[in-house]
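J.: sequence unknown, structure follows:
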């Protein structure tokens with residue numbers, strides 16, 4: 001399966017017999033039993049980035065499994081758009097323990113299509129303005145809660161605002177800080193444990209009563225208890241606000257019957273956890289960017305003042321904040337929250353001229369794709385102006401898709417960009433930022449990427 005076969009209008013038939021399919025090369029550096037898993041665990045970002053040197057598709061070993069790593073933008077686009085590949089593989093198998101098997105994030109086929117239809121109205125472009133006042137309130141409350149000169153723990157504060165926006169907009173509940181803290185603590189433990197289970201698949205060892213395993217299981221249980229509380233409170237209230245939770249409670253399956261309790265539970269988990277985790281991680285990287293690149297923070301402040309005339313930034317201003325948007329895009333390019341994705345071939349097929357057997361697991365890294373020097377000049381430089389229209393036109397089509405493409409495209413892309421823009425604008429208008437002693441902005445790799453322990457000090461403008 002190639003990009004051309006996904007887009008038939010651009011396909012040209014070969015003049016002669018089809019070329020014989022090739023076997024992808026095998027990456028070097030594997031070890032007995034673990035294969036390449038030890039390298040992926042030790043320095044995953046460097047490992048995934050170096051695979052491009054061996055070809056567009058490379059075979060690697062994760063424990064006993066052979067996995068096909070895709071390294072080029074056009075083939076990751078073909079992979080995401082082709083019906084020959086489903087959501088599956090080591091990443092999704094590990095995530096099923098968190099997201100369940102009946103949520104939109106992990107479902108495939110007819111179930112996934114029905115679930116998309118259920119949740120899509122909450123995220124359609126015309127629905128986003130209704131969330132504007134809540135996003136504004138949370139962005140400005142965050143800026144007001146911080147005090148000049150006081151150290152801000154970027155991890156807890158970013159999670160808190162991400163969870164509150166998601167809960168207040170999509171679940172219409174009173175989401176107390178205590179629950180936000182519970183979610184932050186649980187997610188940090190759960191996502192670390194799931195990453196280890198993905199790259200070093202030693203299943204029986206993870207069932208032993210070791211301290212790390214007990215902490216993982218306790219955190220996972222608390223997360224699911226939290227979701228049950230949210231659903232139970234809505235049912236008990238008898239209220240039916242126009243939100244995503246109401247849509248789930250009233251949704252019907254293909255037979256016209258109410259969807260099951262497990263599906264409702266899994267869908268709420270899928271709403272709260274991946275979205276909050278990825279948005280929170282992005283906010284952390286934006287705070288790092290504002291601290292490390294004060295010239296762009298100043299440009300955001302100037303842009304906001306020019307658009308608003310000095311009043312507090314509002315949802316209606318989002319479209320006019322082009323440099324703010326470009327800073328967010330560049331932060332997501334260099335530090336994507338979702339750094340690795342997997343698929344599984346549902347039939348024997350081909351990709352880029354290589355043979356892909358049925359059942360094969362495929363892995364690719366948006367982090368590596370978005371830092372490829374073949375796609376970006378000065379690829380490691382933080383340069384928001386690369387997203388100006390005249391320069392962005394030179395970026396390969398699938399070299400920057402932070403919300404994915406096709407039927408797996410994140411339905412909340414406009415929702416996410418709106419809240420990120422408002423939060424960034426509100427913070428950069430009120431403060432400059434600097435990292436403080438003890439801050440560690442090195443990349444912490446789990447299911448998502450975030451700084452190890454980012455500590456910033458807001459300085460009043």
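T.: Cool, the structure landed. Because the structure is a prediction, the values reported are computed rather than measured.
J.: ok, now which ones touch residue 421?
T.: 318, 321, 324-325, 328 (CB atoms under 8 Å, 6 or more residues apart in numbering). Bear in mind the C-beta positions are built from the backbone N, C-alpha and C, glycine included.
J.: and the nearest residue to residue 275 once chain neighbours are set aside, helix, strand or coil?
T.: Closest residue in space to residue 275, ignoring its immediate chain neighbours: residue 166 at 5.5 Å, by CB to CB, 6 or more residues apart in numbering. Following DSSP: H, G, I helix; E, B strand; the rest coil, residue 166 is assigned to helix.
J.: what's the neighbour count on residue 166?
T.: Residue 166: 23 surrounding residues under other CB atoms under 10 Å.
J.: so, low pLDDT: which residues of the chain?
T.: With pLDDT under 70 as the threshold, the chain has low-confidence stretches at 1-19, 89-107, 173-178, 180-181, 195-196, 198-202.
J.: show me where it has strands.
T.: For the chain, applying DSSP state E gives strands covering 57-62, 65-70, 85-86, 152-153, 341-345, 349-351, 354-356, 361-364, 431-435, 440-445, 449-453, 455-460.
J.: which neighbouring elements make contact with the second one?
T.: This means strand 65-70. Judged by 3 or more CB pairs under 8 Å, 6 or more residues apart in numbering; DSSP states H and E, the packing partners of strand 65-70 are strand 57-62, strand 361-364.
J.: so the residue nearest to residue 275 makes contact with residue 276?
T.: Yes - judged on CB atoms under 8 Å, residue 166 makes contact with residue 276 at a distance of 5.5 Å.
J.: show me what contacts residue 68?
T.: Per CB under 8 Å, 6+ apart, neighbours of residue 68: 24, 57-60, 351, 354, 356, 360-363.
J.: now compare the residues you listed and name the two farthest from each other.
T.: Farthest apart among these by CB to CB are 60 and 351. That separation is 15.3 Å.
J.: distance of residue 360 relative to residue 27?
T.: Distance, residue 360 to residue 27, using CB to CB, to the nearest Å: 15 Å.
J.: now do residue 116
T.: Applying CB to CB to residue 116 and residue 27 gives a distance of 35 Å.
J.: okay, these two: which has more neighbours?
T.: Remark: of residue 116 and residue 27, residue 27 carries more neighbours, 21 against 16, as counted by other CB under 10 Å.
J.: now do the contacts for the more buried one.
T.: 36, 51, 54, 58-60, 69.
J.: and which of these is nearest residue 429?
T.: Lowest distance from residue 429 to those (CB to CB) belongs to residue 51, with 41.4 Å.
J.: before we move on, the earlier item: TSV for the contacts of residue 421, including neighbour count and distance to residue 156?
T.: Shown next, in TSV, are the contacts of residue 421 (neighbours: other CB atoms under 10 Å; distance: CB to CB, whole Å):
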residue	neighbour count	distance to residue 156
318	23	26
321	22	26
324	28	24
325	21	26
328	26	21
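J.: max pairwise distance over those: which two?
T.: Taking CB to CB as the measure, those span a maximum distance of 10.9 Å, between 318 and 328.
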